[in-house]
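Asker: Kindly return the folded structure for what I paste below:
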Amino acid sequence: MNEKVYLVALHKIWIEHKKLFTIFSLNQNYKDFFDKLDYELLSKLWYKSEKINSILKYKSKLDLLELEQMISNLDVKIITFFDENYPFLLKNIFNIPFLLYVRWNITSPGFAFIGSRNISSYWKTVIENFVPEIWKYFTIISGWAFWCDSYSHEISIKNEVKTISVIWTWIDINYPVWNKKLYDEIIEKWGAIISIFPFWEKWNPYNFPIRNEIVAWLSNGIFVVEAREKSGSLITAKLGLDLWKDIFTVPWDIFKQNSIWCNNLIYSSEAKMVLKPNDVLSEYNILNNLKNKSKISFNDNIEKLIYDKLLIEPLNIDEIAIKLDLEISLTLLKITILELSWIMKKNESWKYEII
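Answerer: As a prediction, the model looks like this:
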């Protein structure tokens, strides 16, 4: 049995992410810990008696073979903090998830579309116009809620766009149920589903802010599509501001309830007002770089891959190596060549950017 099945089992019987870091920070022997799990061991982790009894009760009833079969049937990837393909941006999050449940592959960089569940025809048109252009340079990310989130995924799929859905339930639960067809299409075609919640975890309101935080962290920029006061969308936008993410929105009717906070974000200079997709792309200097790209020659494909990554965002050597799965020595060599060719430079933050 795969070692990570035991990790999933531990998570399922309510050993949370923080405790998993405590247990496995030095040694990732999941089977050994699961087999030895008893009252004394849990006491050392500062669990109270009631919680210990509950964990041990769940363990006694858990069917590991059934769990392994479900992981296999769904083709779920279990990605831990110590794996090379763990998203670099999530390593900066305050409450770092120890493991991710992923169907398909996580791609980056990301750009989030967040908004109201009562989306209007005006904002649907905005999504229809912005998503097909933004996706050429970013993976579309959203949170799976009804209307804005699901519509962003729907337009992504329609345009054969890579999209990531961060859900607030276990990865096999299609909630809301009317998104079942879209869920299957994301897996089958151009997207990925991500969850940090245990197997068979149903939705609850406490999961929403956790989901929103992951959406914000995975995204380079956040596009706010309608937002009511105290809405999850506004919370995600505010969180994005705290994380120094780029916030974008478009203006609309000042008398429409769902547009008040988008207009307020613009008025307070917390969001950049955009009127067309190129306004977003210009913020990342993509359009100017693309004009000059045809004049640049590369010695090999690795140099071009590094260049393409830096078109989106400045990165340090470690980040470039992780994102492209390169050895540090090779990354340093290629960066030196690109610097000598006056293609890129190191900025004040010790990150490399395109000149």
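
Asker: How far off centre is stretch 136-148?
Answerer: 10 Å (C-alpha atoms, centre = their mean, to the nearest Å).

Asker: Report the buried residues of it.
Answerer: By neighbour count on 16 or more other C-beta atoms under 10 Å, the buried set for stretch 136-148 is 137-145, 147-148. Using the backbone N, CA and C atoms, a C-beta is placed for each residue, glycine as well.

Asker: mind checking the end-to-end distance for that stretch?
Answerer: Distance between the two ends of stretch 136-148: 20 Å, counting by C-alpha to C-alpha, to the nearest Å.

Asker: on that earlier part again, looking at the buried residues of stretch 136-148, which is nearest residue 219?
Answerer: residue 141 (5.3 Å; C-beta to C-beta).

Asker: wait, is that closest one part of a strand?
Answerer: Yes - with DSSP: H, G, I helix; E, B strand; the rest coil as the criterion, residue 141 is assigned to a strand.

Asker: returning to what we had before: in a markdown table: the buried residues of stretch 136-148, plus pLDDT and distance to residue 306.
Answerer: Formatted as a markdown table, the buried residues of stretch 136-148 follow (pLDDT from 0 to 100; distance: C-beta to C-beta, whole Å):
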| residue | pLDDT | distance to residue 306 |
| --- | --- | --- |
| 137 | 82 | 16 |
| 138 | 86 | 18 |
| 139 | 87 | 19 |
| 140 | 89 | 24 |
| 141 | 92 | 23 |
| 142 | 88 | 29 |
| 143 | 83 | 31 |
| 144 | 77 | 33 |
| 145 | 72 | 36 |
| 147 | 70 | 39 |
| 148 | 76 | 35 |
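
Asker: Closest to residue 76 out of these?
Answerer: Distance to residue 76 across these (C-beta to C-beta) is lowest for residue 144, with 16.4 Å.

Asker: sec struct for that closest one, please.
Answerer: Per three-state DSSP, the local secondary structure of residue 144 is coil.

Asker: All the helices of the stretch 101-250 of the chain, in order from the start?
Answerer: Using DSSP state H, counting those that start in this stretch, the helices of the stretch 101-250 of the chain run over 121-134, 148-158, 180-188, 207-218, 232-242.

Asker: where in the stretch 101-250 of the chain is pLDDT low?
Answerer: 108, 146, 175-176, 190, 229-230 (pLDDT under 70).

Asker: repeat that with 80
Answerer: Where the stretch 101-250 of the chain drops to pLDDT under 80, the residues are 105-109, 116-119, 136, 144-148, 160-161, 172-180, 189-191, 201-206, 227-232.

Asker: Determine which stretch of the helices of the stretch 101-250 of the chain is the most buried.
Answerer: helix 148-158 (a mean of 23; mean count of other C-beta atoms under 10 Å).

Asker: counting contacts, what elements does it pack onto?
Answerer: Where contact means 3 or more C-beta pairs under 8 Å, 6 or more residues apart in numbering; DSSP states H and E, helix 148-158 is packed against strand 110-115, helix 121-134, strand 139-142, strand 163-166, helix 180-188, strand 191-195.

Asker: Direction included, what does the last one pair up with?
Answerer: It stands for strand 191-195. Paired strands of strand 191-195, with direction, are strand 99-103 (antiparallel), strand 163-166 (parallel) (DSSP bridges).

Asker: mind listing what residue 197 touches?
Answerer: Residue 197 makes contact with 101, 168-171, 207 under the criterion C-beta atoms under 8 Å, 6 or more residues apart in numbering.

Asker: same thing but at 10 Å, please
Answerer: Going by C-beta atoms under 10 Å, 6 or more residues apart in numbering, residue 197 touches 11, 97, 101, 167-171, 173, 203-204, 207, 210-211.

Asker: returning to that earlier point: and of the helices and strands packed on helix 148-158, who's closest to residue 68?
Answerer: strand 191-195 (17.8 Å).

Asker: just so I know, which of the strands paired with strand 191-195 lies nearest residue 255?
Answerer: Checking those against residue 255 by C-beta to C-beta gives strand 163-166 as the closest, at 32.7 Å.

Asker: returning to what we had before: turn the helices of the stretch 101-250 of the chain into TSV, including distance to residue 73.
Answerer: Putting the helices of the stretch 101-250 of the chain into TSV (distance: least, C-beta to C-beta, whole Å) gives the following:
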stretch	distance to residue 73
helix 121-134	31
helix 148-158	23
helix 180-188	12
helix 207-218	24
helix 232-242	31
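
Asker: Of the strands paired with strand 191-195, flag the one that's most buried.
Answerer: When these are compared using mean count of other C-beta under 10 Å, strand 163-166 is most buried, at a mean of 28.

Asker: Centre of the chain to that strand, how far?
Answerer: For strand 163-166, the distance to the chain centre is 7 Å (C-alpha atoms, centre = their mean).

Asker: residue closest to the middle of this structure?
Answerer: residue 218 (3.6 Å; C-alpha atoms, centre = their mean).
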